[in-house]
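[1] Below is the structure, and that's it, no one-letter string:
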């Protein structure tokens, strides 16, 4: 039934001191460095209204992930029983989209500095959304 | 810098009594009907471990949305000042991915019934993830 395909066009890239996937924390609250969302200059208008201290959800495309995996040991720990990928936050999944809730530290033009983002340097960003509890 | 493109392959479709985009609620908590996540049978293994009462985040591809819009009046209300799309949950955005937090009501093979999903019938599903506060 799903003959359709859709094309994701990155809206920017993550700049981070994290360069090594193996040493990257699995989740932001495991202790990640600050990082910068570098948004395409042509899309600058899309950031209008975002402010320091706002909580946002950043969607990334985890371009190094495997897309043909349907079951994993959560957190890459073989002592954890295998789970379906839709019951985990594993990067390996049919559409390797990462979800990261972060807080904005500063905004300078198309550069948005955020706290605790667990993605490696160069990761494509596909969307930014406000956290709903704050506003709609 | 973003010459790369990525291909999203739907993992399933939403089945819902909502068929009309204009009358659909803007957010799940505005009062949406229950809906069913119909996952591709070939991806059934990916659901392993999901249970009734689990909270999950469903990512959809809002295939009727405009992708060339960078500023909108939130909730389509012109009395709301225009905001950049990355500061709204508008469907209109460069990559029209919808985020929906829902609760699982029942699971029957590849059919996952959920509460309060504000997407119209036939909307492509691109991912399902557990809510992190519950587990990782």
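    In hand now; what should we look at? A quick note: this is a predicted structure, and the numbers were derived from the prediction, not measured.

[2] Can you give me the distance of the nearest residue to residue A:16 once chain neighbours are set aside to residue A:82?
    Excluding the flanking residues, the one nearest residue A:16 by Cβ to Cβ, 6 or more residues apart in numbering or on different chains is residue A:35, at 4.0 Å. Backbone N, C-alpha and C define where each C-beta goes, glycine included. Relative to residue A:82, residue A:35 is positioned 31 Å away (Cβ to Cβ, to the nearest Å).

[3] So those two - more neighbours on which side?
    Between residue A:35 and residue A:82, counted using other Cβ atoms under 10 Å in any protein chain shown, the more crowded position is residue A:35 (27 against 16).

[4] you'd agree residue A:81 is up against residue A:71?
    No: counting by Cβ atoms under 8 Å, residue A:81 stays clear of residue A:71, with 9.9 Å between them.

[5] which of those two has more neighbours?
    residue A:71 (17 against 10).

[6] Show the contacting residues for the more buried one.
    A:82-85, B:45-46, B:48 (Cβ atoms under 8 Å, 6 or more residues apart in numbering or on different chains).

[7] same check, this time on residue A:51
    A:104, A:107.

[8] which phi and psi does it have?
    Here is the backbone geometry of residue A:51 (degrees, to the nearest 10): phi -130, psi 160.

[9] so what's the residue nearest to residue A:16 bridging to?
    residue A:16, residue A:114 (DSSP bridges).

[10] Now do it against residue B:106, distance only.
    39 Å.

[11] before we move on, what about residue A:57?
    When residue A:57 is compared with residue B:106 (using Cβ to Cβ), they lie 28 Å apart.

[12] that older thread, by neighbours, which of the contacts of residue A:71 wins?
    In those, the most neighbours by other Cβ under 10 Å go to residue A:85, 29 neighbours.

[13] Pick out whichever of residue A:57 and residue B:106 has more residues nearby.
    For residue A:57 versus residue B:106, neighbours defined as other Cβ under 10 Å are more numerous around residue A:57 (17 against 11).

[14] how about low-confidence regions in chain A?
    A:1-3, A:22-32, A:133-136 (pLDDT under 70).

[15] for it, longest strand please?
    Scanning chain A for the longest strand, with DSSP state E as the assignment, gives strand A:97-108.

[16] Show me what that strand is packed against.
    strand A:55-61, strand A:111-115, strand B:124-130 (3 or more Cβ pairs under 8 Å, 6 or more residues apart in numbering or on different chains; DSSP states H and E).
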